[in-house]
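**Student:** The sequence and its predicted three-dimensional model are supplied below.
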Amino acid sequence: MAGGKREDAIEQALTNWKRDRAWQDIQHFTKVYARKLGVQLPPVKLSEQKRVWGTCGKDGVIRINWQLIDAPLSVLEYVVVYEIVHLLHRNHGDVFWEALSCVMPDWRTQKAQLEAWEGWL
């Protein structure tokens, strides 16, 4: 295999591994926190957007950016939980933050880690 093709194959294998690892972690966090919040297990999809880490559509589908696999695991967990809370509360009012605090009391630490990691990018 020529040098360039070999490097491309290695890069693709690493990307595939990262996507798979992210998917496993996202599925785990989704199951844990959907149960804690008393919501039905939502459909989850991987996304790949430039600066959006997660979304919760009006259709109840949660999309999580797989590139969060490069962030600390607690950051990925925070984004997943944040989006699951949106299944209950579509806005960022007091009840949203209260619900988030009930299942993730230290969410401010994870949010700060996310912001620090974004700054590093």
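**Tutor:** Structure received. Numbers count the residues shown, from 1 in each chain.

**Student:** Contacts for stretch 59-78, please.
**Tutor:** For stretch 59-78, the external contacting residues (Cβ atoms under 8 Å, 6 or more residues apart in numbering) are 18-19, 21-23, 25-26, 29-30, 42-49, 52-57, 79-80, 83-84, 87, 104, 107, 109-111, 113-114, 117. In this view, the C-beta of every residue, glycine as well, is placed from N, C-alpha and C.

**Student:** and what of stretch 49-58?
**Tutor:** Residues external to stretch 49-58 that are found in contact with it (Cβ under 8 Å, 6+ apart): 42, 47, 62-65, 68, 79-80, 82-84, 86-87, 90, 114.

**Student:** Can you tell me which of the residues you listed lies closest to W97?
**Tutor:** For W97, the nearest member of those is Y82. The distance, counting by Cβ to Cβ, is 10.2 Å.

**Student:** Give me the pLDDT value at that closest one.
**Tutor:** We note a pLDDT of 98 for Y82 in this prediction.

**Student:** and after the helix or strand containing it, which helix or strand comes next?
**Tutor:** Using DSSP states H and E, the secondary-structure element containing Y82 is helix 73-85. Following the chain from helix 73-85 toward its C-terminal end, the next helix or strand by DSSP H and E is helix 94-103.
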